[in-house]
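A.B. asks: would you be able to build a 3D model of this:
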Amino acid sequence: MKNYRDLIVWQKAMGLVTNIYHHTKSFPEEERYGLTIQLRKSSVSLPSNMAEGYGRNSTQDYIRFLRIANGSLFELQTQLEIALNLGFLTDESFSYTI
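C.D. replies: Here you go, the predicted model:
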């Protein structure tokens with residue numbers, strides 16, 4: 001592995017960010033500073049934490065940042081389920097996003 005960009009999990013996380021941004025464009029305007037921004041922030045934190053941990057050049061730091069990314073993934077999953085329950089996502093788009 002030359003760098004974090006070679007990690008398949010990082011590549012998939014980058015794709016997930018794109019999907020989240022795409023799907024949240026259609027959320028109600030009143031959610032602009034609510035669920036929309038929360039979903040975007042938690043999705044962006046996934047690949048960001050992977051990259052930052054890798055850049056620390058310390059195995060302990062890398063593992064710590066991967067754990068933070070994992071926590072963000074659970075946060076994102078919960079927020080997506082909330083969006084589904086509120087009708088902001090269809091079953092199909094929910095399944096495609098995750």
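
A.B. asks: out of everything not next to it in sequence, what's closest to Leu16?
C.D. replies: Ser43 (5.8 Å; Cβ to Cβ, 6 or more residues apart in numbering). (C-beta placed from N, C-alpha, C; glycine too.)

A.B. asks: name the SS class of the one you found, please.
C.D. replies: Three-state assignment for Ser43 (DSSP: H, G, I helix; E, B strand; the rest coil): helix.

A.B. asks: next, count neighbours for it.
C.D. replies: Number of residues near Ser43 (other Cβ atoms under 10 Å) recorded here: 26.

A.B. asks: quick one: contacts for it?
C.D. replies: Contacts for Ser43 (Cβ atoms under 8 Å, 6 or more residues apart in numbering) come out as Ala13, Leu16, Val17, Ile20, Tyr21, Ser72, Leu76.

A.B. asks: give me the neighbour count for the fourth one.
C.D. replies: Right, the one you point to is Ile20. 24.
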